[in-house]
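Undergrad: Sequence first, then the predicted structure:
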Amino acid sequence: MSKVRLLVGTRKGAFILTSDGKRKTWKVNGPLFTGWETYHIMKGSPVDPDRLYASQTTAWFGQIIQRSDDGGATWHTPGTPPGEPMVSPEGMPKGESNKFVYDVSPKTGKPLTTHQWYDGTPRPWEFKRVWHLEPSLSDPDTVFAGVEDAALFRSADGGKSWQELAGLRGHPTGSQWAPGAGGMCLHTIIIDPANHKRMFVAISAAGSFRTDDGGKTWKPINKGLSSLYIPDPAAEVGHCVHRIAMNPSRPSVLFMQKHWDVLRSDDAGDSWREVSGNLPSDFGFPIDVHAHEPETVYVVPIKSDSEHFPPDGALRVYRSRTGGNEWEPLTKGLPQRDCYVNVLRDAMTVDTLEPCGVYFGTTGGQVYASPDSGDSWAPIVSHLPPVVSVEVQTLG
Amino acid sequence: MAATIRVVLPLHLRRLAHVESEVRFDIEGPVTIRTVLDAIEARYPMLHGTMRDHVTQRRRPLLRFFACQQDLSHDPPDTPLPEAVAMGAEPFLIVGAMAGG
């Protein structure tokens, strides 16, 4: 019998919600990591679903990475069991699972570069937090981290230590990147399942980038994006991409929710075209693709950049079954009046069961599930802290 | 001669380090903020980076160091701590700063 495990990150900790394949009744486990804002609690490696990673931060104590090797039953900071020596038998320093240091090593000879601050002045990169963790598709000990200030790190030892893939931050446009309102964060990491050396990332507010050589070199892939809030709306970088999604069966087709506009690319990001169509607003944060229908896409429109709530106070997921442009509101089971929550960029996901399950969490603390591809919805929980991330694992 | 000093960690760091209450350390040589933090990190490596920056070693801005009713947060890290702390009569307090409304 299939089982579904939802991993929910919130402003005050994490929760694990489990159900059988019917996805009607749920068991709630948590809170985990109480008091720590959980930016991302991540689905495990496809080769080891019990290997989970979580990123927590507080303004007081900074960044923590925790790992579970038993599906979330127990957690530890990788490499640092209490009372053990500081250095492993192999000579690896312990206690470094939260050490994210930009690559200025003598080996590479790279100086610490600057990006553009809000006032237009150059500002040195400074690590603040991990926004997104993405597992390797083939090795449970390899995991990627997207951080603020925007950079990509990789761990090849199960999260014990991290090294920057500095070619991204070192791109010639890096000095022009500037933070959005939420900070300059690398929030989206997608690995091409057909070619693991190809990866896509997205940065607010720099745009989207692709590597074809495993992260050594990167190119901006923002052709076709138009952003009226920057001096040149069609600039190579400077776009506030909110999220990118892909169906693994068609890795050259990408869907994007931008600060404004929903777009698609049919050539792995080399060019984009707008597919906002009849959406009531094309502003939003999450976007995802149906697990079995690569032309079925989900977004949650909100009113505007300064009004982060659903139009008319009615919470509606919009679904396109035509790869964009033609959208239908999905309302059954969702509040249709007096609702002023938001859905953040990592807070929507789909499972791989038949029919496909769709899930999202809100800033009001609700987590909704649809076991029928979005036709109907029901809340799993209604009173969590604001939900930051939702990931799902389909087990068995 | 080693001094046994007492340290009170804030709740979240106690949880992270899996300790219940006050912790005690023997410290050889001068008892300073730096040597106390070194001792804490040596025994509880998961606390690396949570009290001071990994690289610059600067105190995290929203942490405070108190002892003997004094705020020692802004003292240079190699300043000797009060004798009562060095003798174990008074604890060294690591406190999350008040931040909020």
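TA: Right, received. Where do you want to start? Numbering: from 1, shown residues only, chains lettered A, B, ... in the order given.

Undergrad: give me the residue from chain B nearest chain A.
TA: B:P45 (3.1 Å; Cβ to the nearest Cβ). Placement of C-beta: from N, CA and C, glycine included.

Undergrad: Quick check on that residue: phi, psi?
TA: Per-residue torsions, B:P45: phi -60, psi -20 (degrees, to the nearest 10).

Undergrad: Give me the neighbour count for A:R123.
TA: 16 (other Cβ atoms under 10 Å in any protein chain shown).

Undergrad: Am I right that it is in contact with A:Q116?
TA: Yes: between A:R123 and A:Q116 a contact is recorded at 7.2 Å, counting by Cβ atoms under 8 Å.

Undergrad: about what we covered before: if we ignore the residues flanking it in sequence, what's nearest the residue of chain B closest to chain A?
TA: A:G95 (3.1 Å; Cβ to Cβ, 6 or more residues apart in numbering or on different chains).

Undergrad: Which positions in chain B make contact with chain A?
TA: Counting by Cβ under 8 Å from any Cβ of the partner chain, the positions of chain B adjacent to chain A are B:10-13, B:15-19, B:41-51, B:54-55, B:60, B:62-63, B:96-97, B:99.

Undergrad: Select only the buried ones of the residues you listed in ChimeraX?
TA: A single ChimeraX command is used to select the members of the residues of chain B next to chain A judged buried by 16 or more other Cβ atoms under 10 Å in any protein chain shown:
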select /B:10,12,13,16,17,41,43,44,45,46,47,48,49,50,51,54,60,63,96
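
Undergrad: picking up where we left off before, now the residue nearest to B:P45, what's its secondary structure?
TA: Under DSSP: H, G, I helix; E, B strand; the rest coil, the three-state class of A:G95 is coil.

Undergrad: That one and B:M46 touch, don't they?
TA: Yes: look at A:G95 against B:M46 with Cβ under 8 Å: they come within range, at 6.3 Å.

Undergrad: circling back to that earlier point, doesn't A:N98 make contact with the residue of chain B closest to chain A?
TA: No: under the criterion of Cβ under 8 Å, B:P45 makes no contact with A:N98, lying 10.6 Å away.

Undergrad: Pull out the CA atoms of the helix or strand bottoming out on mean pLDDT in chain A and give them to me as CSV.
TA: Least confident helix or strand of chain A, by mean pLDDT, DSSP states H and E, is strand A:37-42 with a mean of 87. Extracted in CSV, the C-alpha atoms of strand A:37-42 (Å, rounded to 0.1, in the frame of the first residue of the first chain):
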residue,chain,number,x,y,z
GLU,A,37,12.2,29.0,11.5
THR,A,38,12.4,26.0,9.1
TYR,A,39,13.0,27.5,5.7
HIS,A,40,13.1,24.1,4.0
ILE,A,41,12.6,20.6,5.2
MET,A,42,13.4,18.5,2.2
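
Undergrad: ok, now which ones touch the residue of the stretch 1-150 of chain A found nearest chain B?
TA: Closest residue of the stretch 1-150 of chain A to chain B, Cβ to the nearest Cβ: A:G95 (3.1 Å). By Cβ atoms under 8 Å, 6 or more residues apart in numbering or on different chains, the contact list for A:G95 reads A:77, A:79-80, A:86, B:41, B:45-49.

Undergrad: Try it again at 10 Å.
TA: Residues in contact with A:G95 (Cβ atoms under 10 Å, 6 or more residues apart in numbering or on different chains) are A:77-80, A:86-87, A:160-161, B:41-42, B:44-50, B:54.

Undergrad: Give me the neighbour count for A:G21.
TA: With other Cβ under 10 Å as criterion, A:G21 counts 17.

Undergrad: Just read off the phi/psi values of it.
TA: Torsion angles at A:G21 (phi, psi; degrees, to the nearest 10) stand at phi -70, psi -20.

Undergrad: And the helices in the stretch 1-150 of chain A?
TA: Secondary structure of the stretch 1-150 of chain A (DSSP state H, counting those that start in this stretch): no helices present.

Undergrad: Show me where it has its strands.
TA: A:3-10, A:13-20, A:27-32, A:37-42, A:52-58, A:62-68, A:114-116, A:122-124, A:129-135, A:143-148 (DSSP state E, counting those that start in this stretch).

Undergrad: cool, and chain B?
TA: Here chain B has its strands, by DSSP state E, at B:3-8, B:23-27, B:63-67, B:70-71, B:92-96.

Undergrad: per-residue confidence averaged over the shortest one?
TA: Just to be clear, that refers to strand B:70-71. Averaged across strand B:70-71, the pLDDT comes to 96.

Undergrad: Where does the prediction get shaky in chain A?
TA: Residue ranges of chain A with pLDDT under 70: A:80-94, A:109.

Undergrad: let's go with 90 and repeat that
TA: With pLDDT under 90 as the threshold, chain A has low-confidence stretches at A:1-2, A:34-36, A:39-47, A:76, A:79-96, A:104-113, A:118-120, A:180-182, A:229-231, A:396.

Undergrad: do you know how far the closest residue to A:Y229 other than its chain neighbours is from chain B?
TA: Nearest-residue entry for A:Y229: A:H259, 7.2 Å, with adjacent residues in sequence omitted and distances by Cβ to Cβ, 6+ apart. According to Cβ to the nearest Cβ, to the nearest Å, A:H259 stands 30 Å off from chain B.
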